[in-house]
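Participant: sequence isn't available, so here's the structure alone:
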């Protein structure tokens, strides 16, 4: 029976955490640099509201 390579698994978890942290920092920087009056985009990257979302009155 082969031994589990825990150091490899740990390294993969560390890389995933680093990737998430970099993505979060990038999003925070983009939000900081965005003009205050500009509307945000949804996850699709377009400015259009979702069709199934109720209209605000």
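Facilitator: Thanks, I have it. Being a predicted model, the structure only gives us computed values, none of them experimental.

Participant: pLDDT weak spots in this protein?
Facilitator: Scanning the chain for pLDDT under 70 picks out 35-57.

Participant: check the gap between residue 32 and residue 19 for me.
Facilitator: Counting by C-beta to C-beta, to the nearest Å, the separation of residue 32 from residue 19 is 21 Å. For every residue, glycine as well, the C-beta is placed using N, CA and C.

Participant: who has more neighbours, these two?
Facilitator: residue 19 (10 against 7; other C-beta atoms under 10 Å).

Participant: any idea how far residue 6 is from the more buried one?
Facilitator: When distance is defined by C-beta to C-beta, residue 19 is 20 Å away from residue 6.

Participant: repeat that for residue 17.
Facilitator: 16 Å.

Participant: also residue 30?
Facilitator: Remark: distance between residue 30 and residue 6 (C-beta to C-beta) = 36 Å.

Participant: how about the helices in this protein?
Facilitator: Using DSSP state H, the helices of the chain run over 6-33.
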